[in-house]
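**Student:** Only the shape, not the letters, is given here:
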């Protein structure tokens, strides 16, 4: 757990044991597959955001837990399905559901985790909670399909990239921040503001994720680096370098190779680094973080506001 | 469209064009994959049940359409995912999403259809609608996993079979009947009664489905017969025959073969027919239908009640 979550450490502990309780099924296999990813750990960022947002408005933690759990379940569902699509064998340093039980079981495990989140969401009276999460889920699917249909294509625009990372990451983080406040009964102008904060922070989070995929320490990352390149996913450092690199033609060739050798992946990363793709992306992430933080001044002054700021800063410099 | 749906033909037409509208995405591929299954046709049984149940309480059709559309989208989502799990290349006589676009796109198409249903469901104020559909979705996943983990095993009980068909089929049909009445503002004792009706009818529907998989005309069925046997799914005719057939040891061997030849499938079906497995299943289905119809006498006397009766009778004798 990250240090600045100390203020909500206890609440996050409740979320953790609640997830564990919620995924229990009459079917022991389903319980096992659901716990596989949960046991691999994770930052629980989405529950944390919901809890912090709720704390800004002094909400009872009981009011926030089902939402926080539902957000993590939705996130987990997408990860389990992503691992099928990406043929990923490890995540967070442990075997994926796909690796241990194959595609079919993974698909239904993802469906199950998602359905479980709906049971929790259905306990809320605020109609915005179910509505926003439904709309977010639709857009997340659109983002995934876009990622598949543009894979290995060097002909894509900044717009394609931003379309994807918004759907892949930013929208669910935005919903986490906004809905924590909604569940806490915050006024509309405040929860919308938190949604904006989460959106910009989510964009920065995905950009740093894309950077880490190229420069991280493999052990800290929990998976091999260069994964995006191998899967043909064009991230910001690549798109920038395809425009600016003096060796962009070579990079284009490398990017479009479907079965890259280790050497080709390394070469592509070197070209991207030389072209300044990492540095540029880092600066864009910093700009999103600054924009995100700017929203905070419109929100109530509570100790948790400081935590939101710290998380924002952390996202800009994170190494895992 | 089935004849006795004439009373709601117009409403079903609205459902059809509404589904078509709802699945439109900014992503043209996603629109195409979503329409693939829709264009293959289908009985639209779940929307029909919801519309008929609502009509029993004089509901405005506008109040029922989003629910009816959502029910068909949930059903479609499970079919698209099932085709991945079952490696099915045709459904309703046309290529599946899986056949045309592969597993990854199919998984996200299913997720997308399901997410779209949630957007519609979130427009209802009655909390029972989201709650019951969420719980039903959880159980449907449990049923699917159970089907995978018991595949090709001749050691299973009647309980295993009933557990599966309830989750696979009966619960969503029950929800369709019950929630049409809920959306129409029917009293609790009535919508619960309709839920019971739908549950029993759904059990009968799945049993006749299982029978048809062995005896139907392949063209009418829209897919090759013996599919369940090939996929290792043990249905009522098989479970009965494994108990009663004088040649049950041979049947057990055939059932557990993972890659059956055409001749082995045929031989198994012959053994099942000889053992009376089809006849027995037919009788059980009839009993469910009689039980289902018995619920109707507690419901308001409206012209649509007659339609519910006709559907129940049809399910007992259907050939497709």
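**Tutor:** Done, it's in. Note that the structure is predicted; figures quoted are calculated from it, not measured.

**Student:** so how many other residues sit close to the closest residue in space to residue A:95 that isn't next to it in sequence?
**Tutor:** Leaving aside its chain neighbours, residue A:95 sits nearest to residue A:89 (6.5 Å; criterion: C-beta to C-beta, 6 or more residues apart in numbering or on different chains). (Glycine included, C-beta is placed from N, CA and C.) Neighbour count for residue A:89, taken as other C-beta atoms under 10 Å in any protein chain shown: 13.

**Student:** again, but for residue A:99
**Tutor:** 16.

**Student:** name the helices or strands packed onto the host helix or strand of it?
**Tutor:** Per DSSP states H and E, residue A:99 falls inside helix A:97-121. Under the contact definition 3 or more C-beta pairs under 8 Å, 6 or more residues apart in numbering or on different chains; DSSP states H and E, helix A:97-121 sits against helix A:9-22, helix A:28-39, helix A:61-85, helix A:127-149, helix B:61-85, helix B:97-121, helix B:127-149.

**Student:** give me the number of residues near the residue in the stretch 151-300 of chain A that chain B sits nearest to?
**Tutor:** The nearest approach of the stretch 151-300 of chain A to chain B comes at residue A:163, 8.6 Å away (C-beta to the nearest C-beta). Neighbours of residue A:163 under the rule other C-beta under 10 Å: 20.

**Student:** for the one 10 residues further on, same thing?
**Tutor:** Other residues near residue A:173 come to 27 when the count uses other C-beta under 10 Å.

**Student:** just residue A:26 next, same as before
**Tutor:** The number of residues packed near residue A:26 is 10, by other C-beta under 10 Å.

**Student:** Where does it sit: helix, strand or coil?
**Tutor:** Of the three states, residue A:26 takes coil under DSSP: H, G, I helix; E, B strand; the rest coil.

**Student:** Got the confidence number for it?
**Tutor:** We have a pLDDT of 90 for residue A:26.

**Student:** And for residue A:246?
**Tutor:** The model reports residue A:246 with a pLDDT of 97.

**Student:** May I ask which helix or strand encompasses it?
**Tutor:** Here residue A:246 is assigned to no helix or strand, by DSSP H and E.

**Student:** what's the answer for residue A:87, then?
**Tutor:** Using DSSP H and E, no helix or strand contains residue A:87.

**Student:** burial count for it?
**Tutor:** 13.

**Student:** and the residue nearest to it when sequence neighbours are not counted, how many neighbours?
**Tutor:** Distance criterion C-beta to C-beta, 6+ apart; nearest residue to residue A:87, sequence neighbours excluded, is residue A:98 at 7.3 Å. Using other C-beta under 10 Å, residue A:98 has 27 neighbouring residues.

**Student:** Next: the one 5 residues further on.
**Tutor:** When counting by other C-beta under 10 Å, one arrives at 18 neighbours for residue A:103.

**Student:** what's it in contact with, if anything?
**Tutor:** A:84, B:84, B:103 (C-beta atoms under 8 Å, 6 or more residues apart in numbering or on different chains).

**Student:** make it 7 Å
**Tutor:** A:84, B:103 (C-beta atoms under 7 Å, 6 or more residues apart in numbering or on different chains).

**Student:** Quick check: the gap between residue A:9 and residue A:3.
**Tutor:** Here residue A:9 is placed at a distance of 10 Å from residue A:3 (C-beta to C-beta, to the nearest Å).
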